[in-house]
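**Q** 3D model of this:
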Amino acid sequence: MKPQVFALLLCASLPLAAHSQSLENCRRIAEPTDRLTCYDALTTTETPAPPATVAAAARSAEAPTTADLKEPAAGESLLGTAWELDPDKRGHILRIRPYKPVYILPGFHTSRTNPFPASPSAGHTSTTDTEQASDEAKLQISLKTKLVEDLFGNNGDLWFGYTQSSRWQVYSAGTSRPFRETNHEPEVMLVWRTDYTLGGWRARYLSLGFNHQSNGRSLPLSRSWNRVIAGIALEKGDWTATFRPWWRISEAGERDDNPDISNYLGRADLQIVRIWGKQQLSLLLRHSLQGGGNSHGALQLDYAFPLSGSLRGHLQWFSGYGESMIDYNHRANYYGVGVSLLEWY
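**A** The predicted structure follows:
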């Protein structure tokens, strides 16, 4: 045998010989408990990770993340995760996060169409039948991102959110399947972290923001408004509640597409969400906070349930005024069925 080969075999056999000797030493121990401890010490030696694995883990830890669409883990604060309120969730600037539910409802039926949309503002009433069918599809996308963190010492986060919802007359082949109405809603919100109890609920944040909502249409179908919106968000276990009062920013006479919109789309809303397992139930209540002939409001109930992976079934019921901007002063019931990719939490 060549000396080099012998040396290699000798080196390879040394660890085995040492291990064999160690086993023999353990066998010689008379006390059973001590002998078992000896064997455990021999078999629990950690194997170092291969260099490639360590390098890959380091790259993964250092890689920047630009989107976080994951659901909160079981036991985590729903609002704390959604708005990065807790210390271990902070530090993510310009990371795209879910905001409102993202869904497509291929079945969306109304009990009462609005063929001649109207507004008290001059030149804002349609004199031509819009030929709206009662069955259509509804789509919604909604995302948010944190622009600035800790504006005031160690508190005060500035967020940007965008929500877009469309009503698509996909079953109306005779009118070229038009998008009947698309609403755009960009907003900027200052979120102030809080942590106190209120009636058994944990108050997580206060907010103040600017909100623009419009349908991007020309006359006579143009509808829009701007608001300053305040808010308080609370949670209790698997429940969250968000109350938002708002104040409309007034516009000059002829520039106002809908001078009476606050009496229909309201001056405040309350959003309640319950989550259990992969299911979510949400209730939205909205009202004008006026009496008599100006007392109008709406409610919307959404239920999401698991289908496959992150895909959920989604049911929606809306009753009242203002399902969309063009229908802000139109009352009807709407029933939707479809799927959602993202929910509130």
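**Q** and the protein, what are its domains?
**A** Using automatic domain parsing, the domain parsing of the chain gives 1-45, 78-342.
**Q** by mean pLDDT, show me the worst of the ones you listed.
**A** Among the domains of the chain, domain 1-45 carries the lowest mean pLDDT, a mean of 55.
**Q** if I look at residue 122, how far off is residue 114?
**A** According to C-beta to C-beta, to the nearest Å, residue 122 stands 20 Å off from residue 114. In this view, the C-beta of every residue, glycine as well, is placed from N, C-alpha and C.
**Q** what comes up buried for the lengthiest strand in the chain?
**A** Taking DSSP state E as the criterion, the chain has its longest strand at strand 179-198. Of all the residues in strand 179-198, those buried under the rule 16 or more other C-beta atoms under 10 Å are 180-185, 187, 189-191, 193-194.
**Q** mind giving me the packing neighbours of it?
**A** The contact analysis (3 or more C-beta pairs under 8 Å, 6 or more residues apart in numbering; DSSP states H and E) places strand 179-198 against strand 157-168, strand 201-214, strand 224-236.
**Q** sec struct for residue 80, please.
**A** For residue 80, the assignment made with DSSP: H, G, I helix; E, B strand; the rest coil gives helix.
**Q** picking up where we left off before, which one of the domains of the chain is the most hemmed in?
**A** domain 78-342 (a mean of 17; mean count of other C-beta atoms under 10 Å).
**Q** okay if I get the helices and strands packed on strand 179-198 as JSON lines plus distance to residue 246?
**A** JSON lines is the format used below for those (distance: least, C-beta to C-beta, whole Å):
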{"stretch": "strand 157-168", "distance to residue 246": "15"}
{"stretch": "strand 201-214", "distance to residue 246": "7"}
{"stretch": "strand 224-236", "distance to residue 246": "4"}
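**Q** residue 314 is nearest to which of these?
**A** Set against residue 314 and scored by C-beta to C-beta, those come closest in strand 157-168, at 13.3 Å.
**Q** give the pairing partners of that closest one; include direction for each.
**A** strand 135-148 (antiparallel), strand 179-198 (antiparallel) (DSSP bridges).
**Q** could you pull out the helices in this structure for me?
**A** 3-27, 32-43, 51-62, 78-82, 262-265 (DSSP state H).
**Q** picking that back up, closest to residue 105 out of the strands paired with strand 157-168?
**A** Judging the strands paired with strand 157-168 by C-beta to C-beta, what sits closest to residue 105 is strand 135-148, at 4.4 Å.
**Q** distance from that closest one to the middle of the chain?
**A** Here the centre of strand 135-148 is set off from its chain's centre by 9 Å, with C-alpha atoms, centre = their mean, to the nearest Å.
**Q** could you list the alpha-carbon positions for stretch 322-331 in CSV?
**A** Extracted in CSV, the C-alpha atoms of stretch 322-331 (Å, rounded to 0.1, in the frame of the first residue of the first chain):
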residue,chain,number,x,y,z
GLY,A,322,-74.3,54.9,-2.3
GLU,A,323,-73.0,51.4,-3.3
SER,A,324,-70.9,53.4,-5.8
MET,A,325,-70.3,57.1,-6.4
ILE,A,326,-72.7,57.3,-9.4
ASP,A,327,-75.4,55.8,-7.2
TYR,A,328,-74.6,58.0,-4.1
ASN,A,329,-78.3,59.1,-3.8
HIS,A,330,-79.8,55.9,-5.2
ARG,A,331,-81.2,53.3,-2.8
